[in-house]
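1. sequence plus predicted model, see below.
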Amino acid sequence: MIKLKKIEREGLLAGLTFLSLIMLIAIQVSWILKAARLEEQNFNHRVSHVMINISDEISKRASSCNIMNDYICGRECPMSSKHDKIREIDSIIRVNLQKNNIELDYNFSIGDSLSDSRKHGLFSSKCYRQHVQGFTEKDGIKLYMRFPGRNDFLLAQMKGWFIVSLLFILFVAASFVVTLRMFLRERAMARRTADFINNMVHEFQTPIANIMLASNLIRKQKPNSRIEEYSGIILYESQKMERNVEDLLSVSGIGQQTGALLPVDIHEEIHQLSCQFKFRFDERDGQLTVDAQAEKHHLMSEKGHISTMLSNLIDNALKYNNGSPVVVISTQNRGNNLIITVGDNGIGIPQSELNAIFDKYYRVSTGDLHNIKGFGLGLTCVKKIANLYRGSVKVESSVGNGTTFTITLPLNDEQGKN
């Protein structure tokens, strides 16, 4: 069925949405990692700048102090002097770090034997190195520094963005999971509904066929006006039931042309419908008026489409009327369009419900009254048939003042010919 095909397309759309979601999450994660690397690069740049200043100051101190020079070059010096120079270098480092707002614990060493040539990943333990210049008697002296709290510091710098991004990813993922579960339930319900409708209407078809056969046989007996009138009512009602069954079976597929297009005289269709509904109007002391003014009133359409569309509107005008129904059907040409108007004096439709009346299975609220029968498919058929022929349906209504439906159907040169 068309409905199931639509659901399969929606399933494909859900799959593509899932892939898009994965790509968005991947992009978001990539941006987070890129932001982390930029933060790390910024920190590394600040540390490198500080270490250049530190190494320059140590070089100056060493050039003016033999003990500092001996300590830097690794020569023997008194232990007390060695500790003093370590504290002096530590003071130099601390002051320069504070000037650059780097409030982190650190470890340092000076020499030419330590080597750390490994490649470092994101937030890995990194050893910072800087040459200490100005020692002609010994080359390759470097200042080495490590920051044990470096990773925590970098994470703290970007914690806000990281948390927001993580919450966004989790929210989008959770929303998709909930939407997917709702879609799967809706698809299962649609399939069960389609199976139910198919089984139900097939059970109706046999008794309807028998009723129509019996009423035709009665009408072929000796002429009797009363019997002919009653059998006509039976035949009409059975035909109406048959149309309801066909609506239930085909409402989902009516949006596509499945049969041959034939020339249809709209005025003739309206005349036949007025004859068919005459008994129901007479029974309620009502009136059905036809004002056919269109000069071009022929359309190419499938058999039964136009009569189904108009009979649904007339039937609704009878249902939703608490008094004597008055219905006016008019036609006119506007440009290259055929305009069909069906107006009534019924109970009207609240403004809040006008946008929903064409939805499948939707029925206008009638308060505490529950005596209006129907499936909620009539106006759905009307709109689908109009759209099928590139037309449109508009409705004007207010509570207590009746309802007017205006159907616009485009004509081409062949359709306009009489």
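-> Now that the structure is in, tell me what you want to look at.
2. CA atoms for contacts and neighbours, from now on please.
-> OK.
3. what segments of the stretch 201-350 of the chain are helices?
-> 225-250, 266-283, 305-319 (DSSP state H, counting those that start in this stretch).
4. mean pLDDT for those: which is lowest?
-> Mean pLDDT is lowest for helix 225-250 among those, at a mean of 70.
5. please tell me how far the closest residue to Val382 other than its chain neighbours sits from Asn387.
-> Residue nearest to Val382 in three dimensions, not counting chain neighbours: Met309, with 4.8 Å by C-alpha to C-alpha, 6 or more residues apart in numbering. Distance from Met309 to Asn387, counting by C-alpha to C-alpha, to the nearest Å: 12 Å.
6. next: Gly346.
-> Taken as C-alpha to C-alpha, the span from Gly346 to Asn387 is 26 Å.
7. looking at the two, which one has more neighbours?
-> Gly346 (26 against 16; other C-alpha atoms under 10 Å).
8. residues in contact with Tyr362?
-> Tyr362 makes contact with 356, 376-377 under the criterion C-alpha atoms under 8 Å, 6 or more residues apart in numbering.
9. assign it to helix, strand or coil.
-> coil (DSSP: H, G, I helix; E, B strand; the rest coil).
10. just the pLDDT at it, thanks.
-> Model confidence at Tyr362 (pLDDT) stands at 73.
11. again, but for Phe147
-> pLDDT, read off for Phe147, is 84.
12. could you check how far the closest residue to it other than its chain neighbours is from Met68?
-> Nearest non-adjacent residue to Phe147, counting by C-alpha to C-alpha, 6+ apart: Tyr106, 4.5 Å away. Distance, Tyr106 to Met68, using C-alpha to C-alpha: 21 Å.
13. ok, now Tyr362?
-> Taken as C-alpha to C-alpha, the span from Tyr362 to Met68 is 92 Å.
14. now swap in Pro325 and tell me
-> 113 Å.
15. over to Asp315?
-> From Asp315 over to Met68 (counting by C-alpha to C-alpha), the distance is 107 Å.
16. which one's more surrounded, these two?
-> Met68 (24 against 13).
17. in contact with Phe204, which residues?
-> Val245.
18. change it to 10 Å
-> Residues in contact with Phe204 (C-alpha atoms under 10 Å, 6 or more residues apart in numbering) are 241-242, 245.
19. looking at those, which is nearest Leu13?
-> Val245 (32.2 Å; C-alpha to C-alpha).
20. how many neighbours does the closest one have?
-> Neighbours around Val245, by other C-alpha under 10 Å: 21.
21. mind pulling up the pLDDT for the residue sitting furthest away from the middle of the chain?
-> Distance from the C-alpha centroid of the chain, by C-alpha atoms, centre = their mean, peaks at Pro78 (78.4 Å). As predicted, Pro78 sits at a pLDDT of 76.
22. ditto for Lys384
-> So, for Lys384, pLDDT stands at 88.
23. quick check: it touching Ile407?
-> No. Assessed by C-alpha atoms under 10 Å, Lys384 is found out of contact with Ile407, at 11.7 Å.
24. ok, now which ones touch the nearest residue to Thr408 once chain neighbours are set aside?
-> In this structure, Thr408 finds its nearest non-sequential neighbour in Ile339, 4.8 Å apart by C-alpha to C-alpha, 6+ apart. The contact partners of Ile339, taken as C-alpha under 10 Å, 6+ apart, are 293-294, 297, 330-333, 391-393, 406-410.
25. try 7 Å
-> Contacts here follow C-alpha atoms under 7 Å, 6 or more residues apart in numbering; on that basis Ile339 touches 331-333, 406-409.
26. which two in these are spaced the farthest apart?
-> Asn333 and Thr406 (12.5 Å).
27. my guess is Thr406 contacts Val395, does it?
-> Yes. Using C-alpha atoms under 7 Å, Thr406 is in contact with Val395, at 6.3 Å.
28. for Asp344, see how far away Asn401 is.
-> In terms of C-alpha to C-alpha, Asn401 sits 9 Å off from Asp344.
29. who has more neighbours out of those two?
-> Asp344 (25 against 14).
30. any idea what that one is bridged to?
-> Val327 (DSSP bridges).
31. show the contacting residues for it.
-> Here Asp344 is in contact with 317, 326-328, 402-404 (C-alpha under 7 Å, 6+ apart).
32. recalculate using a threshold of 10 Å.
-> Here Asp344 is in contact with 288, 313-314, 316-318, 320-321, 325-329, 397, 401-405 (C-alpha under 10 Å, 6+ apart).
33. fine by me, thanks again.
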